[in-house]
Structure formats: structure tokens, C-alpha cells
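Q: the amino acid sequence is not available; the structure is as follows:
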């Protein structure tokens, strides 16, 4: 059974850090780009970051550039999202997904995801 499981969410104060993990079972992450997405209450889901399968290229939404870092450990079949300098507006359910992503001509990135995890809640509050 193909499965992605997120972990590492929780409550953190503004300015704090969290590291999210996305572990795969039933398939090998090596062949997939892995994206992180988030959905805040009352808002649409948005792409946060993505790491490609081919050359490890990384992409970030403007709102998290310089604060979040995505990485992958293929030996552990896991992708991470290190989140620093967290802000209240980062509060959301964070999801990881497997598929593809690539750069656009305008400096952003596009993606298409086949498999999704169930999410982990991140709350940034004092």
C-alpha cells in the first residue's frame, strides 16, 4: 500500500522552529519529486516547497523563502521541511505529496502530485 505519513507538527511560539518529516512506505521516494503544501483555516491549499527527483533542485513559495529548507534522505525514504523563524501566518495543516515539480519561467514552480499524506498541524502562537 502506497502511503505518505507526515510528522513533526505541533505548537511553537513565533520565531521558533520545527522540522516536519514525510516518510514513504510501499514505494521509493527516489523517483518522485516531493512537495510540501499547507492549508490554513478558511483558505485554499498552497504550495510551500518542492524538491525534484532528478537533480535535487529545490523550490519555495515567496512567503517562506529564507526561512524554510526542504531536503531529502533517500536512504531513509524521507523528506524533511525545516521551518525557522515561524510566524503566526504559518499556522496550517501541512501536507506532503509525491509527483513532479519544476521551475517556471517567472521564477516560481509548477507541480503535479499523485500521492498525498493526511497532514500534520502546525500552530504558531504565543
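A: Yes, it's here. Just so it is clear, the model here is predicted, and its values are computed rather than measured. Residues are numbered from 1 along each chain as shown.
Q: the bottom helix or strand of this structure by mean pLDDT?
A: strand 109-116 (a mean of 92; mean pLDDT, DSSP states H and E).
Q: for residue 60, give me its contacts.
A: For residue 60, the contact set (Cβ atoms under 8 Å, 6 or more residues apart in numbering) comprises 48, 49, 68, 70. Yep, even glycine has a C-beta here, placed from its N, CA and C like the rest.
Q: now, these that are in helices?
A: Taking DSSP state H, every one of the contacts of residue 60 sits outside helices.
Q: which of these fall in strands?
A: With DSSP state E as the criterion, strands contain 48, 49, 68, 70 from among the contacts of residue 60.
Q: doesn't residue 72 lie inside a strand?
A: Yes - using DSSP: H, G, I helix; E, B strand; the rest coil, the secondary structure at residue 72 is a strand.
Q: thinking again about what came up before, what residues does the least confident helix or strand of the chain touch?
A: Among residues not part of strand 109-116, those counted as contacts by Cβ under 8 Å, 6+ apart are 2-4, 27, 32-33, 35, 47, 50, 59, 95-104.
Q: can you list contacts of stretch 117-126?
A: By Cβ under 8 Å, 6+ apart, the surrounding residues in contact with stretch 117-126 are 3-14, 16, 18, 20, 22, 38-39, 83, 86-97.
Q: swap in stretch 86-97?
A: By Cβ under 8 Å, 6+ apart, the surrounding residues in contact with stretch 86-97 are 4, 6, 9, 12, 14-18, 20, 22, 34-40, 43, 45, 48, 63-64, 67, 79, 81, 83, 113-125.
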